[in-house]
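> need a structure here:
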Amino acid sequence: MSRVYFSLKQANELIKKIHPEVERVQQLSEELTLIDNTKIEFDDDSMENFLLEIELNKNFHEKNIELYSLLGYLIRQGCIMRELEKMEIDFYSKFEGKEILFCWRVGEESVKFWHYPGEGLDKRKEISQIEDSYFEQLKKMK
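Numbers count the residues shown, from 1 in each chain. Predicted structure coming up:
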């Protein structure tokens with residue numbers, strides 16, 4: 001699959017479209033962590049306990065399948081999933097002829113930051129830098 005490049009407007013429109021799926025990924029990730037960290041020990045080897053353990057395992061795996069299905073959907077939309085705990089998502093774009101990544105986190109209304117590929121979060125720059133440059137280019141065209 002080739003990279004999908006977004007304008008700032010397209011990235012922000014996609015955020016609105018995928019928001020329910022992203023929230024569900026976050027919820028599933030939290031639920032799976034909770035289930036994975038919960039250890040249940042049974043006092044006896046009754047059939048009911050074995051069936052309960054099977055049901056718990058089935059539930060865990062069903063949630064995993066749903067999580068990975070949603071992640072696949074988001075990736076096919078052009079999202080780069082960075083960190084499930086913080087729900088950081090990047091989108092490829094170009095700025096001044098160079099490849100960049102728009103950064104978005106759940107809870108933010110729109111893209112607020114960007115960075116070059118390979119840079120960490122400490123190198124994020126405010127999106128206003130790109131917006132200002134765009135409007136400068138428009139002024140030069142007039």
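
> so the residue nearest to Asn49 when sequence neighbours are not counted is in which element?
Nearest residue to Asn49 in three dimensions, chain neighbours excluded: Phe42, at 4.1 Å (CB to CB, 6 or more residues apart in numbering). For the C-beta atoms, the positions are set from N, CA and C on the backbone; glycine is no exception. Phe42 is part of no helix or strand, with elements assigned from DSSP states H and E.

> Quick check: Glu41 vs Glu53, distance?
10 Å (CB to CB, to the nearest Å).

> scratch that, Leu32
Leu32 sits at a distance of 17 Å from Glu53 (criterion: CB to CB).

> In terms of neighbours, single out the busier of the two.
More crowded of Leu32 and Glu53, by other CB atoms under 10 Å: Leu32, with 18 against 12.

> Now the more buried one: phi and psi?
Dihedral angles of Leu32 (phi, psi; degrees, to the nearest 10) stand at phi -70, psi -40.

> check contacts around it.
60, 63-64, 67 (CB atoms under 8 Å, 6 or more residues apart in numbering).

> Over to Pro20?
Counting by CB under 8 Å, 6+ apart, Pro20 has no contacts.

> Whatever helix or strand it lives in: which residues count as buried?
Pro20 belongs to helix 8-37 when assigned by DSSP H and E. Under the neighbour-count criterion of 16 or more other CB atoms under 10 Å, helix 8-37 has 8, 11-12, 14-15, 18, 21-22, 25-26, 28-29, 32 buried.
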